[in-house]
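Q: give me a 3D structure for the following:
(8 chains)
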Protein chains: 8
Amino acid sequence: MIGFRARLGFLLPPGNPTIEYEMIAMAPPGVSLHFNRMVAHGMTGSLDGQTERNTSMVAHLDESIEMLALVKPDIIVIAHTATSYDLGADEEAALLARLAKASGVQVTTAFASVAAALERLGIKRVALGAPYSAETTKKGRAHLEANGFTVVHHDNLADVVNIYDTTAEDAYRLARSVDRPDAQAVFLSGTGMPTVSVLDMLETDLQKPVLSSNSAMMWLALRACGVNQPVAGFGRLLTLD
Amino acid sequence: MIGFRARLGFLLPPGNPTIEYEMIAMAPPGVSLHFNRMVAHGMTGSLDGQTERNTSMVAHLDESIEMLALVKPDIIVIAHTATSYDLGADEEAALLARLAKASGVQVTTAFASVAAALERLGIKRVALGAPYSAETTKKGRAHLEANGFTVVHHDNLADVVNIYDTTAEDAYRLARSVDRPDAQAVFLSGTGMPTVSVLDMLETDLQKPVLSSNSAMMWLALRACGVNQPVAGFGRLLTLD
Amino acid sequence: MIGFRARLGFLLPPGNPTIEYEMIAMAPPGVSLHFNRMVAHGMTGSLDGQTERNTSMVAHLDESIEMLALVKPDIIVIAHTATSYDLGADEEAALLARLAKASGVQVTTAFASVAAALERLGIKRVALGAPYSAETTKKGRAHLEANGFTVVHHDNLADVVNIYDTTAEDAYRLARSVDRPDAQAVFLSGTGMPTVSVLDMLETDLQKPVLSSNSAMMWLALRACGVNQPVAGFGRLLTLD
Amino acid sequence: MIGFRARLGFLLPPGNPTIEYEMIAMAPPGVSLHFNRMVAHGMTGSLDGQTERNTSMVAHLDESIEMLALVKPDIIVIAHTATSYDLGADEEAALLARLAKASGVQVTTAFASVAAALERLGIKRVALGAPYSAETTKKGRAHLEANGFTVVHHDNLADVVNIYDTTAEDAYRLARSVDRPDAQAVFLSGTGMPTVSVLDMLETDLQKPVLSSNSAMMWLALRACGVNQPVAGFGRLLTLD
Amino acid sequence: MIGFRARLGFLLPPGNPTIEYEMIAMAPPGVSLHFNRMVAHGMTGSLDGQTERNTSMVAHLDESIEMLALVKPDIIVIAHTATSYDLGADEEAALLARLAKASGVQVTTAFASVAAALERLGIKRVALGAPYSAETTKKGRAHLEANGFTVVHHDNLADVVNIYDTTAEDAYRLARSVDRPDAQAVFLSGTGMPTVSVLDMLETDLQKPVLSSNSAMMWLALRACGVNQPVAGFGRLLTLD
Amino acid sequence: MIGFRARLGFLLPPGNPTIEYEMIAMAPPGVSLHFNRMVAHGMTGSLDGQTERNTSMVAHLDESIEMLALVKPDIIVIAHTATSYDLGADEEAALLARLAKASGVQVTTAFASVAAALERLGIKRVALGAPYSAETTKKGRAHLEANGFTVVHHDNLADVVNIYDTTAEDAYRLARSVDRPDAQAVFLSGTGMPTVSVLDMLETDLQKPVLSSNSAMMWLALRACGVNQPVAGFGRLLTLD
Amino acid sequence: MIGFRARLGFLLPPGNPTIEYEMIAMAPPGVSLHFNRMVAHGMTGSLDGQTERNTSMVAHLDESIEMLALVKPDIIVIAHTATSYDLGADEEAALLARLAKASGVQVTTAFASVAAALERLGIKRVALGAPYSAETTKKGRAHLEANGFTVVHHDNLADVVNIYDTTAEDAYRLARSVDRPDAQAVFLSGTGMPTVSVLDMLETDLQKPVLSSNSAMMWLALRACGVNQPVAGFGRLLTLD
Amino acid sequence: MIGFRARLGFLLPPGNPTIEYEMIAMAPPGVSLHFNRMVAHGMTGSLDGQTERNTSMVAHLDESIEMLALVKPDIIVIAHTATSYDLGADEEAALLARLAKASGVQVTTAFASVAAALERLGIKRVALGAPYSAETTKKGRAHLEANGFTVVHHDNLADVVNIYDTTAEDAYRLARSVDRPDAQAVFLSGTGMPTVSVLDMLETDLQKPVLSSNSAMMWLALRACGVNQPVAGFGRLLTLD
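A: This next block holds a predicted model:
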C-alpha cells in the first residue's frame, strides 16, 4: 500500500515550483506525498498582487481540500506562509477547524509548522530572512512576535523579481547576512524560495539551528502523523522527534 | 532553477495515490514534477461510477490545466488511461488541441503515451492486463485495436474492490498470467495500479518488453521535452530515446 | 564447516511460508538454518481448524524432531506461537523436557522465546497484536498474563482470510493501532504474519521496543547457542546479548 | 506476498546441512525457499548405509511431499542425486509422475536438473567428481552415460569420512584434478558437498563450464517456474535463461 | 612528486572565478594544476571594456608567463577565448611562438584547443552559444569560420550583466536553444561561463557532441602532455585520446 | 555562483607546486579557490637566494593582490611562511593593514594562520620541523618564540636540494624524528613541502596534534570567512571550528 | 618509499603457510612486511619432531637474521611461539639481546608479544587453546604461569595431524570450548593455526578479549615501531595503542 | 586451507623491499604468497658489487629453495632479473632443471617470466628501461636480443644511488622517456624498482602494453599453476590467461 506509514497532503500556490521538489527530497521511506494546487490567478511568485492572490486561494480552500482529501491523506498542509500573515491567528484557527471538520482530515499551515518547530527547538529569539517585499517581510516579523517570539533582526532578499527564480545559494547568503549573535536560530520564511539543501551547511557555519517554512512543514506533517523518523541532511529540526 | 532541464506537469484523478509515487521514482536529475488534481466526486478508485467520474474530470479540464500551467511546465499529461477509452480518438484529439491552445503548453494523455511507446518499441501484437472491471478492460482492448494494435489476449485482475489498493506484486502476477507466446509485449493499463517497480523483473522473466500507463507517460513526457536521459530500472522503454 | 558458529533448527507449521523467509533475513555470518515441517492437514493458515492442526502437530513432534536432529543443530525451535497457548505452561514444559532428552538437542518454543525476550528488555506492560481470530488472540493475552505480563491492550487484525496472506505493512498498521501510552512495548504474535522488516520502523515511530514471535525466536536461538552477534535492522532486541 | 515471483520447495536428506545454505546464497529477489526433510535413519552423510537410507527416503516420499505442498510451492525438487542413480531412469520417471499428480505440484530431481543443465550448455563430454564412495561414483558415471553423456574422466574425493564435513575448497581441488582437456565441462555430483561458492573461480581457472547438483537444481527450479533472472557468482549456468 | 604525470599551467583573466573551479573538477590522478592571473583592470567580466582588458592582458603576457614557468609546467594555456577573436590567426601564431621560445614551455590558447577538439571529433558544422555581447559573439562566429568551420546557428545568452554571474544551468539552456538539426556539435564559447558539469547531460539530450572552451582546454592540455586518460563526466571529447 | 559559501585567494611563491595541490585536496563544498603567483626570480625552491626572493615577493605584493582581488575573494592568504620570519611581527602587521585597506579584502599570512591554529589547539610547547636550511629553520624557531610559543626541539630535513622535490613521506619521517615527549604538538613549517596527506597518520602515531603551514592556512581561511565545516582527513585542527 | 611508516620483519618456521597470510591481512597503510624462513628440516607442522626442529631454527638464527636485516626492518619478530616454551625466559632474553646487537635491529618473539599484549589488556587469568600435542600445550601453560599469568583452563585441538592443515573455524570452536567464566581472556597459541579472521566474532560471542600469537605479534611489532594505528577486524587488542 | 587455489613461492634478493609489497598488491583470492631470502652480503641495492652478490645468491640457491619448498608451493620464482643476464640462457636452463628436480617443485625466474609474457602479448619490438647501471642495462638489452626480441631503445634511470630508493613515479617517467613509436611495448626491468601501481596509467598514456619484471612474475606464476584469474589494475598482461 502506497504511503502505508503515512500519506501527506500539500496544498500549493499554483505557480510555486519549489514545494514539490523539496518535499520529495525530504520524505522518508513508507511516506507518500500528494499535492493539489490552490486557485489563484495572475503572475504568481511576483511581489505584486500577492494580497489578491492570497485572498483567492483562501476563498477556494474548501474545494481544494475536498479533492485532496479523496486520496485519504493523514494530514493536509496549506503550504503558504504569507496566508497566515494576512489572516491573523484567530481567523486562521477558525478556518482550520472548519476545514478539518468538513474533510475529516487534520489540516495545518506552514506558519503553524514554523511556530511548533521553534518551540520544539526551544527558540525564543530568532533572525528572519525572506524573499518577500520589505512590507510583507515586516508582516512576517509582526506575526512571529504576535506568536511570542522575539525577532532580533530581519531582512528581505535584495533584487527579487520573482520569488520562484530565487535559488538555494541565495537562501544561504540571506541567512548568513540576517544572522546576529543574539539570535538563537535563523528562520527563512516563504515556501517558494529553495532552502532545504543548504540548511545543514548553514547550521555548520552559523552554529545554531536554521529552519525554513519547508523544513518545518515536513517536520510537523511527519510528527503529527506519528512518523518519528529522523531525516538527515536538512537541518537538526528534522532529526528530532 | 528548479526543473531547469524540464518541468513535467501531471493532472491526476483526485483519489489516485499511485502516480505521484511512481513518477517520483522515475524522474531523472534536473527534471521537476508538478501535480494538480482533476475534479471528480464519490468513491474514486472503485469499479463503480467510473463513467460519471470520467465525465466530471473532462468537464473541469480547462480550470485544472489553467492552475497547473502557472508553474510553467514544459508539458502537461492527463494521467488517466480510461478517459481516452471513453472519449474515442477524434474527440480526444480535438480536446487536446483546444487545451494546448488555451494554456500555451503541449498537452497529452496516458493513452497517447502508450500508443507512442508501442510504436517506439516496434510492437504490433500485445497482451493486455488491467485492474478495471471486465467491461472497462474490454473497452481498453477495443481502443488499442482502433489504434492499430492487435491484442492477442486480455484479462482483468480478479477480486479488485478498489484499484488504489492493488499492489505491484498483483501487477507482476497479472502480467505473467496474461502473457502469450505470440504477444510481442505486455501492456498493463491503468495509472492507479502500481507497476513500475516490477517492469524490469517482468521483462527478465517474460523476455519481452513490458510497459504500463505510468512508464509510458514518463517516457513520453521526457522525450517530448527533449530530455533523452535513459532511466534504468523501469523496463527497457525508458532506456530508449 | 557449514554453521561452524551455530546451526539453528526450526520446526514449521507445514503451510507457513513466512518463517524461512524471515529467519534467512536475520541470520548472522557463520550461522546456518535448517528446517523441517510439522505434520498437519487441511487449509493451513486459515482461522478455522487451528485447534485440530495444533493437536496434529504436537502428536507428531517426536518424529519431526528426530529427522531435524540428524543435521546436528545446536538448538531446535518449535516455531508456532499458538501451540503454547493451547498446551499451557506445565504441559509445554514437560513436552520440551521429553523432546530434548530424546533428541539430545535443546528444544524451545516461539512463546518461550517471547517470554525470555520481554524479560531481557525489562518489559512488564505490553500491547498485543495478532492476525488470529478474536478468540485465539484472547488466549494469547491470557497466556501472557499467566506468565506474569500485563497486557494493557490487545486486538486482532481485521478482515484476515488466511494468515499467510497478511503483509508486513499490515503488521506495521496493526502495531500502530494496538499501541497505548502505558504499554512499555508492543508484541506482535504469530509466526505466519511477516513482521521483522518493519520492526525498526515501528520502534522509531512508537519510540518503544517492538518485537514479534519471529524476532524473538531468532534472538533466543542465537543467544542460547552462545552467539551474541548484534543483528541490526530488526528491532532493538536483536542488538542485545 | 512472500515468494510472489516463485516459491521453490526442496526435499532434503535429513542430515544434509548444505542444501539450505547454498540455495539461500543463490535465490534471487522475489523468490522464496521452502524445505522439508525426507525420512531416513542412521549416520547420514557417511559412505556406509547409503542404499538403505535412499530406500527409506523413497518409501516416505508421498508424505514428505504432502507436507511441503501445503506451502503452495511452484515446484518441488527432490534434492538427492544418488537416489536417481539407484532408481534408474524409468522407475524415476514413473515415481515423479505419480507424485506430481498426487500433490498438484510439478516435481523434479537433482539429477534431472543436471541432465537439463548439461543440455542447456550444449555439453556432450563431461568430467565427473563426487564425494561418494568409489562404487557410488561409478554408478553416477553409468547413469550419466545412460542419459547420453560421455564421461571422459571420473574420480571421487579421497579420505572422506562424512560427506557433510567436506568443504568448498575440497570441491575446488577435486574439480581441478578430475578435469581433462577433452572434457567440455566439469560436473560435481552430490548435494551434500558445498560447491556453489567456487564455481565461478573454477570456470575462470578451467576455462570451461563447471556445474554441480546444487547449481543445477536452482537453475532448473527457477527456469521451470518462469523466473529467468540471471544470477551472478555461481557459474555461467545460472546466468542463462 | 606533485604532478609527476603532468603539470598544467593556466593563465587566467584576473576576475574569472570559473576556470580554476572547472579545471579542478576535471583533472585526472597524477596531474597537477597551476595558475597565474593575467593583468587587466576595471570591471572584469562585464560586457563593457572587454577590448581594453584584452589588450592589457596581451601586453603583459611575457611577465605573466615568466612567473608561471617557474613551477615547471609541461604546458601553459592562455585561458581566454576572446583574445584569439581579437588577435586573429596570424598574430596569435606569432605571439605563441615567441612566448614558447622565451619560456621554454609549449604555450597554447583556449581557441586553439577548441579548433583541435572540433577536428578530433570530426566536426565541420557547429552551433555556437556564448555569454558575450552580440558583437563579440559575432566575432567568435567569424573566427570559427576563418578556421574552416561552418557555424549553422549562433546566439548569445540574454540578459547577462556580468559573465561571471552566469550558471551552468544557463549554459544548459543556451545550448538547447542554439542547437539546430544540421549542427554536428554545439560549442559553448567563453571560459567564464560554467559549462563542464552539464556537458554530459547536454550530449544525452541533444544526441551530439557538446564542448566548451573549458572542456577543450583540459583535453588539449592533457593530450599535448602525453596524458591520454579518458575523463568521464564532461562530454565525450574528454573520453577520447 | 561559484564559491557561494566562500572564495579563498592565495598568493603563491611562483615556483611552488604544492599549495594549489594541497588546498584543492582540503577545500569543502561551496568553497572555491583562487590563486595568483607572486613575483620572484631565479631558482625558486632552492635553499640559496631565499632572502632575495622573499624581498622581491614583498616588493610586488600590491600588484599581486590587486589582480587577485578582482575575483572578489573573501580573504587573501600570503602563502609563504618564511616571509614572516624575515619581516618580523611589527613590519608584517603594518604591511597587512596597508594591503587590506588598498584591496578592500582581509589579508593574512601563513605564519599568522599557524599562530592562530596553535592557540586554537591550546598549544604552548611545540616541536618544529622544516625543509629549510638550518639557518632559516632557526629563524623560524625564533619567530615562534617571539610569538610566545616554546620550541622544545627543532630540526631541518636532511639532504634537501630543492624544497619542491620533497615528499609527504619525507614530512612524515621528519615529524616522527623531531617530536619529543614534552612537545604538545608538532608543527611542520614551509608551504612547499607536502604535508597534509600525512597529518592524520602522524596524529595517530604521535598521539598529539600535528599541523603544517598548509593545514593552518586552510583552517584560518575557512574560519575567517565564517565557514565552520569540519574537514576530515588532514589533522584534528581542520575538524575544529 | 616502501614501508615509510615502518618495515616489519618476520622470521618464519619454514613450512608455516599461515603467518604471511595473516600478517598481510592485518598490515595498515604505510607499513611493509618482509619475511625470511628459518632453517629446519623434516615434516614441519606435524606434532612429531617439534623439538628437533625448534633446536635447528635457534641454531641458525644468526644467519637468518642477517639476511632479513638487509631490508632494513624497524623490528624483527621470531614468529614461533613454541621456541620460547623450549628456551625458557632467561635463555630467550640473552638470545634476543645478542641478536639485536649483532643485527642493529630490535628483535622480539611471538611469546614476548603475547605477554606484552596480555599486560596491555590488563589480563591476569586466561584460558589457553593450542593446536599442539597435549605435552607442548602443557609447556605453553607452564610458560604463561612462569610469566605471572593464571591459566584457568587449557586444552589442545583434537585430531590434529598437521598444524598447517587446521582452519580458522577450528580455532573458533577451540576458543569456544576452552573458555571458562573466570577467564578474563582467551589466548590461542601457535603461529601456524589461522586465527585472526575469527577473533572479532569470538569476542562478540564470548564477550571478552580473544587474542592469538599472530594478532599479538602484529600488535607489538606496530607499537614498538611507533605505529599506533588502530586496526579493525582482528580483536580489540589491535584497536589499542 | 591457506592458498587452496595456489601457493606461490618467491626467492628474494635479501635487501629487496619491493617484491613482497608488489606481489601482495596483485595476488587474487585463494592464492597465498610465501617468501624466502637468498644469501648475499654487502650494500644490496647499490649499483656497486652487483656481480658478487649475484654470484653469492646463485651459489646458495639449493639451500634457499629447500626451505621454501617446505611450505609446499605450487611454483618457486627466483625473483631477480639480473641473475639471468649474468648466467646466460644455457646455464640458467640447466640450473632450473636441477633445482626443480631436487625440490620437487617447478622453478622459474624473473627473466623467463618476462620472455613468456612478451610472447603472450605478441611483442617483437620493445623499449627497455631499468634502474641499473648503464653497463647492466646493456647486458639486459643483450639478453633480450639473445632471446629473439628487438630492443628499439633502452636507457637507465639517471641519478640512482640505491635501486631500493627508487619510486613508482620514477618508473612512470622512465617508461615515458624510453618509449619510441616503433616499440610495440615498454618493458621495465628490475624487481627492486616499484612499477606495478603505474602500469595501467602508463598503458593509458602510451597506448601500448607496459610490463615489468614484477608484473611478469605474478602473471607467469599464476598461469603456470592453472590460476587464470584476470587481475585488474596492473597492466593488460595480468588480464590475459
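Q: is stretch A:168-176 anywhere near chain F?
A: Yes: using Cβ under 8 Å from any Cβ of the partner chain, stretch A:168-176 comes into contact with chain F via A:169, A:172-173, A:176. Just so you know, the C-beta spots here come from the backbone N, C-alpha and C atoms, and that holds for glycine as well.
Q: what is the nearest of the residues you listed to chain B?
A: residue A:169 (11.4 Å; Cβ to the nearest Cβ).
Q: and the closest one, what's its pLDDT?
A: On pLDDT, residue A:169 comes in at 97.
Q: and it, how many neighbours?
A: When neighbours are counted by other Cβ atoms under 10 Å in any protein chain shown, residue A:169 registers 17.
Q: to which secondary structure element is it assigned?
A: Per DSSP states H and E, residue A:169 falls inside helix A:168-178.
Q: now do the closest residue to chain D within chain A against residue B:12, distance only.
A: Closest residue of chain A to chain D, Cβ to the nearest Cβ: residue A:1 (13.1 Å). According to Cβ to Cβ, to the nearest Å, residue A:1 and residue B:12 sit 18 Å apart.
Q: of the two, which one has the most company?
A: Between residue A:1 and residue B:12, counted using other Cβ under 10 Å, the more crowded position is residue B:12 (29 against 18).
Q: list phi and psi for that one.
A: In terms of degrees, to the nearest 10, the main-chain angles of residue B:12 are phi -110, psi 150.
Q: in contact with the residue nearest to the residue of chain A closest to chain D when sequence neighbours are not counted, which residues?
A: Nearest residue to residue A:1 in three dimensions, chain neighbours excluded: residue C:169, at 5.4 Å (Cβ to Cβ, 6 or more residues apart in numbering or on different chains). Residue C:169 is in contact with A:1, A:4, C:198, counting by Cβ atoms under 8 Å, 6 or more residues apart in numbering or on different chains.
Q: make TSV out of the residues you listed and add pLDDT and secondary structure.
A: Converted to TSV, the contacts of residue C:169 look like this (pLDDT from 0 to 100; DSSP: H, G, I helix; E, B strand; the rest coil):
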residue	pLDDT	secondary structure
A:1	91	coil
A:4	97	coil
C:198	98	helix
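Q: so how many other residues sit close to residue A:214?
A: The tally of other residues near residue A:214 (other Cβ under 10 Å) stands at 29.
Q: now do the contacts for it.
A: Residues near residue A:214 by Cβ under 8 Å, 6+ apart: A:18-19, A:22-23, A:191, A:195-196.
Q: check contacts around residue A:151.
A: Residue A:151 touches A:125-128, A:141, A:144-145, counting by Cβ under 8 Å, 6+ apart.
Q: at 10 Å what do you get?
A: Residue A:151 is in contact with A:125-128, A:138, A:140-145, A:178, A:183, A:187, counting by Cβ atoms under 10 Å, 6 or more residues apart in numbering or on different chains.
Q: which SS class is residue A:101?
A: Secondary structure state of residue A:101, per DSSP: H, G, I helix; E, B strand; the rest coil, is helix.
Q: what pairs with residue A:32 across the strands?
A: Beta-bridge partners of residue A:32, counted by DSSP bridges, are residue A:7.
Q: where does residue A:108 land in three-state SS?
A: Under the three-state scheme (three-state DSSP), residue A:108 adopts strand.
Q: helix or strand for the closest residue to it other than its chain neighbours, which one?
A: Nearest residue to residue A:108, sequence neighbours excluded (Cβ to Cβ, 6+ apart): residue A:77, at 5.5 Å. Residue A:77 is part of strand A:75-78, with elements assigned from DSSP H and E.
Q: ok, that strand: who's next to it in the sheet?
A: When pairing is defined by DSSP bridges, strand A:75-78 lines up against strand A:6-12 (parallel), strand A:106-109 (parallel).
Q: state the mean pLDDT of the next helix or strand after it.
A: The C-terminal neighbour of strand A:75-78 among helices and strands, as given by DSSP H and E, is helix A:81-87. Per-residue pLDDT values across helix A:81-87 average out to 85.
Q: render the CA-only coordinates of helix A:81-87 in CSV, please.
A: Taking Å, rounded to 0.1, in the frame of the first residue of the first chain, the C-alpha atoms of helix A:81-87 are listed here in CSV:
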residue,chain,number,x,y,z
THR,A,81,3.4,31.1,4.8
ALA,A,82,2.1,34.5,3.9
THR,A,83,-1.5,33.5,4.1
SER,A,84,-1.1,33.2,7.9
TYR,A,85,0.4,36.7,8.0
ASP,A,86,-2.7,38.1,6.2
LEU,A,87,-5.3,36.1,8.2
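Q: middle-most residue in chain A, spatially?
A: Central residue of chain A (Cα atoms, centre = their mean): residue A:213, 2.7 Å from the mean position.
Q: how about the strands in chain A?
A: A:6-12, A:31-37, A:75-78, A:106-109, A:125-130, A:150-156, A:185-188, A:210-212 (DSSP state E).
Q: residue B:162: which of these is closest?
A: Proximity to residue B:162 (Cβ to Cβ) singles out strand A:6-12 among the strands of chain A, at 14.7 Å.
Q: which of the strands paired with strand A:75-78 is buried the deepest?
A: Mean neighbour counts were compared across the strands paired with strand A:75-78 using mean count of other Cβ atoms under 10 Å in any protein chain shown; the top stretch is strand A:6-12, at a mean of 25.
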